[in-house]
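Peer 1: Predicted model, plus sequence, below.
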Amino acid sequence: MQTLESLTNQLITGDHLTAEQISTAAEFLIDAAAPASAKEAFLLALAAKGETADEVAAFAASFRNYAVNPGVESWAERAIDVCGTGGDGSGTFNISTAVSFVVAAAGVPVFKHGNRSITSKCGSADLMEALGIRLDAPHAMLRESLQTLNFCFFFAPAFHPAFKEIMPVRKALAAKGKRTIFNLLGPLINPGRPAYQLLGVFSKDWVHPLAGALGTLGLSAGLVAHGTPKQGLTLDELSCAGENVVSGFGSLADTQGALSASDGNLPTCNFDALVGGDVTENLATMRLLLSGSEDGVSTGLRNSVLLNAGAALWIARQADDLPSGVAKARDLLSSGAVAEWLERARQFYN
C-alpha cells in the first residue's frame, strides 16, 4: 500500500492519481494518526499540479462513501441541490438558499446541503438556523420534512464526521490563503445524492471540470455556473449582473457557454443590488423577498433569485426551458405560495 508521502511525491512530478490511489489518499486524510504536515503537503502538491475532473470525481466518490446516509432514497431521483462552492469573496445575499425555498414550494424535493459561514458574514446554515430550521434535526424528521415540505437541510458537519480529521489542516491552509480540493468537494458530496444539481463555482476555470465530475458521478442533469458581475469580482452562482458562463451535464450536457439575464427574459442589474449583510440583515431581506411584495428588496436581487430558480426548475424537468422556469418561479413568489411555504416550514420545525 502506498503512503501519503509517496503519493505526494508522485504529484510533485506532475503525474495524475488513479481512482485507486485517490481512495488510498482519502483514507490517509481522514486518519487521525496521519501527521497533519503530511496531509498539508499532499493537498498543496495536488493543488499545485492541478486537479483533473476525474480526480475530483474520484475524491467525491470516496468521501460520499464516508458520509452518513440520511435514508432519503425515496426522494433522490426527483431531488435537486442548489448551492455554491463559496470562496468568491463577493459578500452577496444568500441567493441559493432563497432559490431552494422557491423550488421546494414548486413541489420539487430539495436536498439542501450546507455549512456555517467560513468566509462570508452569513452562511446557508446560519440563515437556516435564524429562520427556525433545525440544524440538528434527526433523520426521521428530515424525511418527514421532505414529505411535508419537499425540503430538508443536511448540516454538513453532522453528515461528514470523517472531515473532523481534515478540518485543522483546511483551516491552517485557509489562513495562509491556500485553496485546496476541499474548496470544491462540499457541493459534490451531498449525503442524499440528489439526481439534479445547480452548482455555482468561484472560478471560471472550474466550470467545465466540475460539470465533468458531476457527470461522472452519475447525476441525471444539471448546470455548473460562474458569474462575473463586474470587473474584478466573481460569483459562485448565476445573477442578472454582468456575465455568466455555464456547463451542463447529464441530459443538459449540450448546454454550454454564456447565459445571461436576457436568456430568462429578465433585465440586467448592477452588482450592488446583490450585496448581503449579516444574519440579521439577510433574515429581514429573506422574509421581504419571499413575501411576494415588491417593496423593500431590490429588483436586481429578486430577478437574480428568479433566474436561478428558473434554472433549477428547468434542470429538475419542471419547466421546458429557462424562460418558462423563470415565469413559474415568478408566479410562485407573487402568488404568496413561497411565503405560505415558509410559514409552514416555521411551524414544522417549531
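Peer 2: Ah, there it is.
Peer 1: From S100, how far out is N69?
Peer 2: Distance of N69 to S100, computed by CB to CB, to the nearest Å: 21 Å. Bear in mind the C-beta positions are built from the backbone N, C-alpha and C, glycine included.
Peer 1: the more surrounded of these two?
Peer 2: More crowded of N69 and S100, by other CB atoms under 10 Å: S100, with 28 against 12.
Peer 1: Sticking with that one, tell me its helix or strand.
Peer 2: helix 95-105 (DSSP states H and E).
Peer 1: Just the CA trace of the next helix or strand after that helix, in CSV.
Peer 2: Next along the chain after helix 95-105, taking DSSP H and E as the criterion, comes strand 110-114. Presented in CSV, the C-alpha positions along strand 110-114 are these (Å, rounded to 0.1, in the frame of the first residue of the first chain):
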residue,chain,number,x,y,z
VAL,A,110,-34.8,19.9,-2.3
PHE,A,111,-31.7,18.3,-0.6
LYS,A,112,-30.0,21.5,0.7
HIS,A,113,-26.5,20.7,1.9
GLY,A,114,-24.5,23.4,3.6
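Peer 1: Strands of the chain, start to end?
Peer 2: Under the criterion DSSP state E, strands of the chain are mapped to 80-84, 110-114, 151-155, 196-200, 221-228, 243-250, 256-258.
Peer 1: Redo the ones you listed as a markdown table? Include mean neighbour count and distance to G277.
Peer 2: Formatted as a markdown table, these follow (neighbours: other CB atoms under 10 Å; distance: least, CB to CB, whole Å):
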| stretch | mean neighbour count | distance to G277 |
| --- | --- | --- |
| strand 80-84 | 28 | 18 |
| strand 110-114 | 28 | 18 |
| strand 151-155 | 24 | 21 |
| strand 196-200 | 30 | 20 |
| strand 221-228 | 26 | 20 |
| strand 243-250 | 22 | 24 |
| strand 256-258 | 11 | 30 |
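Peer 1: circling back to that earlier point, just the angle for the helix holding S100 relative to strand 196-200, thanks.
Peer 2: Interaxial angle of helix 95-105 relative to strand 196-200 (axes from the mean of the first three to the mean of the last three CA atoms, to 10 degrees): 160 degrees.
Peer 1: what angle separates helix 95-105 from strand 151-155?
Peer 2: Going by the same axes, to 10 degrees, helix 95-105 makes 140 degrees with strand 151-155.
Peer 1: Can you show me the helices along the stretch 251-350 of the chain?
Peer 2: 279-290, 299-315, 322-334, 337-349 (DSSP state H, counting those that start in this stretch).
Peer 1: what's the angle between the last one and helix 279-290?
Peer 2: Pointing back at helix 337-349 there. With the same axes, to 10 degrees applied, the angle from helix 337-349 to helix 279-290 works out at 130 degrees.
Peer 1: just checking, what packs against helix 337-349?
Peer 2: helix 95-105, helix 139-149, helix 279-290 (3 or more CB pairs under 8 Å, 6 or more residues apart in numbering; DSSP states H and E).
Peer 1: who's in contact with the nearest residue to G336 once chain neighbours are set aside?
Peer 2: Among residues not flanking G336 along the chain, G292 sits closest, at 4.7 Å (CB to CB, 6 or more residues apart in numbering). Contacts for G292 (CB atoms under 8 Å, 6 or more residues apart in numbering) come out as 333-336, 338-339.
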